[in-house]
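Student: Just a sequence and a predicted model for now, questions to come.
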Amino acid sequence: MTQIWAHRGSSSEAPENTLEAFALAIEHGADGIELDVQLSSDGVVVVCHDETIDRTSDGTGFVGQQTLEQLRQHNFNKGMHGFTCRIPTLAEVFDLVADTDLVVNIELKNSVLPYPGLEGACEVAIAGSRLAKHAGERVLYSSFNHRSLAKLADSGTTVPLGVLHVEPLVRSWDYARSFGASALHPYHGSLAEDEIASAHLAGVKVNPWTVDDPEVMKRLVDQDVDALITNVPLVAREVLGR
């Protein structure tokens with residue numbers, strides 16, 4: 001059955017990548033949440049999409065050049081009235097969802113800036129969380145930096161890997177499997193008509209992003225896609241008849 005993963009939380013109704021957005025995703029009946037991680041200057045895994053905090057907070061500057069304490073001086077409400085949000089740590093997100101069945105899709109934001117040690121820091125955060133015993137079922141890494149995914153595979157991670165990509169890939173399932181990934185995370189418009197079925201035959205899951213149009217949702221669900229990464233989980237629930 002197709003799952004619903006809330007893209008940066010229920011980000012159409014709450015500030016993206018905040019505990020408030022993730023809590024709302026739980027209320028909206030999502031099966032999982034997708035989030036983005038980077039390292040603060042003092043080595044804490046924090047949840048933020050952009051390399052700078054300019055767009056999502058009332059502050060400025062690069063995430064990686066500020067300590068967690070400095071980052072927490074700002075309101076990460078993305079300009080949404082009625083919200084006062086601090087930047088969450090990955091550990092705090094794990095605490096929030098620990099008593100649910102939600103999957104946590106961790107996107108490593110290391111395709112522009114390198115963030116040395118990000119992979120290892122995420123592994124430590126997972127190991128120290130209440131999700132640790134079930135990390136293989138409850139957590140997933142994804143990245144546009146496929147070398148980072150290969151590094152995780154080589155390190156022996158027990159967390160599944162998802163290949164993020166925008167451009168169409170030839171025999172994408174073979175490419176994913178070549179370095180240990182078990183899922184594809186394509187831009188939904190790049191999928192070929194028979195790609196989902198071919199990936200499934202190879203044992204590779206397909207979780208496209210960012211799917212907000214109900215007609216696109218219906219088409220992908222009819223093709224037996226594994227998860228819809230969406231800003232509007234409530235719309236996805238309607239399409240899936242939940």
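Tutor: In hand now; what should we look at?

Student: strands paired with the longest strand along the chain, and their directions?
Tutor: Counting residues, the longest strand found in the chain (DSSP state E) is strand 32-39. Strand 32-39 has the following strand partners under DSSP bridges: strand 3-7 (parallel), strand 45-47 (antiparallel), strand 103-108 (parallel).

Student: Contacts for the shortest one, please.
Tutor: In this case it means strand 45-47. Applying C-beta atoms under 8 Å, 6 or more residues apart in numbering, the external contacts of strand 45-47 come out as 17-18, 35-40, 63, 68, 71, 87-91, 93, 118, 121-122, 125. Placement of C-beta: from N, CA and C, glycine included.

Student: again with the last one
Tutor: With contacts defined as C-beta under 8 Å, 6+ apart, strand 103-108 is touched by 3, 5, 31-37, 90, 93-94, 97, 115, 118-119, 122, 131, 137-143, 145, 148-149, 162, 164, 207, 227, 229.

Student: for the first one, same thing?
Tutor: Judged by C-beta under 8 Å, 6+ apart, the contacts made with strand 3-7 from elsewhere in the structure are 21-22, 25, 28-34, 103, 105, 207, 209-210, 226-231, 233, 236-237, 240.

Student: out of the residues you listed, which are buried?
Tutor: 21-22, 25, 28, 30-34, 103, 105, 207, 209-210, 226-231, 233, 236-237, 240 (16 or more other C-beta atoms under 10 Å).

Student: one step back: of the contacts of strand 3-7, which belong to strands?
Tutor: Members of the contacts of strand 3-7 lying in strands (criterion: DSSP E): 32-34, 103, 105, 227-230.

Student: center of this structure - which residue?
Tutor: Closest to where the C-alpha atoms of the chain average out (C-alpha atoms, centre = their mean) is Glu34, at 2.9 Å.

Student: Neighbours of Val166, how many?
Tutor: Here the number of neighbours of Val166 (other C-beta atoms under 10 Å) works out to 11.

Student: Next one, pLDDT for Leu113 please.
Tutor: Leu113 is assigned 93 on the pLDDT scale.

Student: Kindly provide the distance from it to Gln65.
Tutor: 10 Å (C-beta to C-beta, to the nearest Å).

Student: Just confirm Ala181 contacts Val163, I think it does.
Tutor: Yes: counting by C-beta atoms under 8 Å, Ala181 touches Val163, with 4.9 Å between them.

Student: higher neighbour count, the two?
Tutor: Neighbour comparison, Ala181 and Val163: the larger count goes to Ala181, with 27 against 23 (by other C-beta under 10 Å).

Student: what sits against the closest residue to that one other than its chain neighbours?
Tutor: Closest residue in space to Ala181, ignoring its immediate chain neighbours: Leu161 at 4.1 Å, by C-beta to C-beta, 6 or more residues apart in numbering. Contacts for Leu161 were tallied using C-beta under 8 Å, 6+ apart; they are 140-142, 149, 152-153, 176, 180-183.

Student: Bridged to Leu161, which residues?
Tutor: Residues in beta-bridge contact with Leu161 (DSSP bridges): Tyr141.

Student: same deal with Leu108?
Tutor: According to DSSP bridges, beta-bridge pairing links Leu108 with Val37.

Student: ok so, going back, now the ones in strands among the contacts of strand 3-7 as JSON lines including pLDDT and distance to Pro168?
Tutor: As requested, the ones in strands among the contacts of strand 3-7 are exported to JSON lines (pLDDT from 0 to 100; distance: C-beta to C-beta, whole Å):
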{"residue": "Gly32", "pLDDT": "98", "distance to Pro168": "25"}
{"residue": "Ile33", "pLDDT": "98", "distance to Pro168": "27"}
{"residue": "Glu34", "pLDDT": "98", "distance to Pro168": "21"}
{"residue": "Val103", "pLDDT": "98", "distance to Pro168": "26"}
{"residue": "Asn105", "pLDDT": "99", "distance to Pro168": "22"}
{"residue": "Ala227", "pLDDT": "98", "distance to Pro168": "20"}
{"residue": "Leu228", "pLDDT": "98", "distance to Pro168": "19"}
{"residue": "Ile229", "pLDDT": "98", "distance to Pro168": "18"}
{"residue": "Thr230", "pLDDT": "98", "distance to Pro168": "21"}
